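Colleague: Kindly return the folded structure for what I paste below:
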Amino acid sequence: MRAHYLQHVPFEGLGSIEKWLNAKGYEITSRQLYESIKLPELDEIDLLIVMGGPMSVNDEDEYPWLSHEKEFIRNAINAGKSVLGICLGAQLIANAMGAKVYQNTTTEIGWFPIKSTVVGSSSLFSFPQLTDVFHWHGETFDLPPEASILASSEGCRNQAFQIGQSVMGLQFHLETTPESAKEIVTNCREELIPSQYVQTEMKILSVKNERYNSINLLMGKVLAFIQQ
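Modeller: Predicted coordinates for the structure are as follows:
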């Protein structure tokens, strides 16, 4: 199996996903879009992972590669590939499939709970009824056509969605490790403006390893689900 990930900034990489892919025997390739927009042929990949980043999907004038990336994502979905989008990646999937992405009424940064919205469906991924996950986002998205919502939070209604069996977008970060949390705080700490859903740097980084282990385990379950 071959996994390819699209990276938008150096400090938002695979995190715990890399360990999961290695354990499952995946061949891993990547494209750092801040260096090159050359994308692989779709027949060269089985799983596409679209990472996060501080830019908006609407910033095509500043980042012209966004339009190419959205076309690539749309083609991958239409070709039946397994596709996972995280934060900006989820917004890119939504936008590529026809939904609007826009500023949310609140910014969510830190550890806040999401609530599962799935009841009695074997075809949809079911998150725990209530679980704390790591957030770092100010924008949100409408659901694309044919997408099903999977989770919500107090600060953001559309936290996760699924299209078909093998496409999922997550507004939050289940791949976060202690190291990657420090990286994003270091590079984006100017966004830590105190508000209802924005925690302090100290609070973000003070969580125990058990919290990271919990979300990383959930990340593995998501990856296994879309690869069924």
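Colleague: Tell me the buried residues in the longest helix seen in the chain?
Modeller: Of all the elements of type helix in the chain, the one with the most residues (DSSP state H) is helix 209-226. By 16 or more other Cβ atoms under 10 Å, the buried positions in helix 209-226 come out as 211, 212, 214, 215, 216, 218, 219, 220, 222, 223, 225, 226. All C-beta atoms are positioned from the backbone trio N, CA, C, and that covers glycine.
Colleague: Same question for stretch 75-82.
Modeller: 76, 77, 81, 82.
Colleague: Which of those fall within helices?
Modeller: Per DSSP H, these map to helices at 76, 77.
Colleague: could the buried residues of stretch 75-82 go into CSV alongside pLDDT and distance to residue 31?
Modeller: What follows is the buried residues of stretch 75-82, written out as CSV (pLDDT from 0 to 100; distance: Cβ to Cβ, whole Å):
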residue, pLDDT, distance to residue 31
76, 98, 13
77, 98, 17
81, 98, 15
82, 98, 17
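Colleague: Tell me how many other residues crowd the closest residue to residue 81 other than its chain neighbours.
Modeller: Excluding the flanking residues, the one nearest residue 81 by Cβ to Cβ, 6 or more residues apart in numbering is residue 48, at 5.6 Å. By the criterion of other Cβ atoms under 10 Å, residue 48 has 26 neighbours.
Colleague: Next, the contact list for residue 48, please.
Modeller: Counting by Cβ atoms under 8 Å, 6 or more residues apart in numbering, residue 48 touches 3, 4, 5, 6, 73, 76, 81, 82, 83, 84.
Colleague: Show me what the host helix or strand of it pairs with in its sheet, parallel or antiparallel.
Modeller: Assigned by DSSP states H and E, residue 48 belongs to strand 47-50. Take DSSP bridges as the rule and strand 47-50 pairs in its sheet with strand 2-7 (parallel), strand 82-86 (parallel).
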